[in-house]
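> How does the following fold in three dimensions:
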Amino acid sequence: MRKRLFFLFSPLFSPLFSLLAAAALLSAPFAAAALSIDDFGDNQVSAVAMGGLNPWPGDNPGSETTFQGFERTFALERTAGFGSTSADANITRPNTFSLSTGPGVVANVTLGYASTPAVDATDGGLSKFFEFSARSDLAATLTVSFVSGADTSSATFMIPATGTGAADPFQFFNVNFTDLVGTADLTTVDEITVAISGPASLDLQLGVLRTVQTPVPEPGTLALLGLGLAGLAHASRRRA
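Predicted structure coming up:
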C-alpha cells in the first residue's frame with residue numbers, strides 16, 4: 001500500500017504528474033516577435049580612449065540603420081577611472097551588443113533608436129510586451145524608454161551576474177506594456193532608448209531587443225517541461 005501511494009504522489013514517477021507537467025509546458029506560448037527593434041546584425045563600434053572621464057571627440061560615431069529601419073546611435077560615457085571602455089555591435093561577438101569596461105572604470109551607455117515616421121510599438125494591438133535577452137558577468141541595470149512627442153514610458157530591469165562565456169546562455173527579460181511607467185502613446189513612438197549602467201570591470205552583452213505578443217517562457221517553466229518529459233519517458237520504460 002505504501003509503495004502504491006509513493007508511486008502516485010511522487011513527482012518523479014507519477015505518470016499523471018508527468019502528463020500534466022508536459023501539457024502545461026507544451027501549451028506555454030513562445031515569443032512571437034511583432035517588432036524587432038534590433039538583432040545587432042549591423043556593425044557599429046564606439047570606444048573611449050585612455051585619458052579623461054568623458055569620451056574623446058570621435059569616439060562616438062554616427063548612426064547605423066538597423067534592418068527594421070531604426071537609426072541606432074551609441075552614447076558612451078565614462079564616469080570614473082582612467083582606463084578604457086568600449087561598446088560595439090556585431091564585432092566582439094556576432095549578432096550581439098557588447099559593453100566592456102576595464103578595471104576601476106565605470107561607464108554608462110545609451111542605445112538610441114529613432115524612427116521617422118513614428119512607429120506603432122503595439123503593432124496594431126498584437127504586441128503586448130517589450131522583451132530583450134542579456135547576459136553579464138556582474139550585476140547591471142538596464143532601463144528602456146519609449147518616447148512619443150514630449151511623453152515617455154519606461155521600465156528598469158536588474159540583470160544578474162550569470163557570466164558571458166560561450167557556454168553561458170542569454171536570459172530573457174520582459175515587461176508588459178501596461179506595466180510601463182509614464183504616459184507615452186505607444187502607437188506613435190518617435191524614439192526608443194536603452195540605457196545600461198553597472199560597476200567597473202563589466203562585461204555585458206545583449207542578444208535582441210523586440211516587442212512580442214507573448215514572452216519567452218521563464219526558465220522555471222522550461223524546467224517543468226524537462227521534468228514532465230523525463231517522467232513520461234520513465235513511465236514508458238516501466239510499461240515496456
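> Please work out which residues outside stretch 152-167 touch it.
130, 134-146, 168, 171, 173, 175, 179-184, 186, 203-205 (CB atoms under 8 Å, 6 or more residues apart in numbering). Any C-beta I mention is one placed from the backbone N, CA and C, and that applies to glycine too.
> tell me the average confidence for that stretch?
Across stretch 152-167, pLDDT averages out at 95.
> In contact with the residue lying closest to G149 once chain neighbours are set aside, which residues?
Nearest in space to G149, with sequence neighbours left out and distances taken as CB to CB, 6 or more residues apart in numbering, is D190 at 6.8 Å. Residues near D190 by CB under 8 Å, 6+ apart: 114-116, 118, 147-149.
> can we see that at 7 Å?
By CB atoms under 7 Å, 6 or more residues apart in numbering, the contact list for D190 reads 114-115, 118, 147-149.
> what secondary structure does it sit in?
Under DSSP: H, G, I helix; E, B strand; the rest coil, D190 falls in the strand class.
> And it, how far from F172?
Applying CB to CB, to the nearest Å, the value for D190 to F172 is 26 Å.
> packing partners for the longest strand seen in the chain?
Across the chain, the longest stretch assigned as strand under DSSP state E is strand 106-119. Where contact means 3 or more CB pairs under 7 Å, 6 or more residues apart in numbering; DSSP states H and E, strand 106-119 is packed against strand 33-38, strand 71-80, strand 189-197.
> could you redo the last one with a cut-off of 8 Å?
strand 33-38, strand 71-80, strand 97-101, strand 189-197 (3 or more CB pairs under 8 Å, 6 or more residues apart in numbering; DSSP states H and E).
> shouldn't S148 be in contact with L180?
No. Counting by CB atoms under 8 Å, S148 stays clear of L180, with 11.4 Å between them.
> what touches both of those two?
Counting by CB under 8 Å, 6+ apart, the residues touching both S148 and L180 are L186.
> coming back round to it: return the member of the contacts of D190 nearest to V194.
V147 (12.0 Å; CB to CB).
> Dump the helices and strands packed on strand 106-119 into JSON lines; add distance to V212 as well.
Compiled in JSON lines, the helices and strands packed on strand 106-119 are given as follows (distance: least, CB to CB, whole Å):
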{"stretch": "strand 33-38", "distance to V212": "5"}
{"stretch": "strand 71-80", "distance to V212": "20"}
{"stretch": "strand 97-101", "distance to V212": "18"}
{"stretch": "strand 189-197", "distance to V212": "14"}
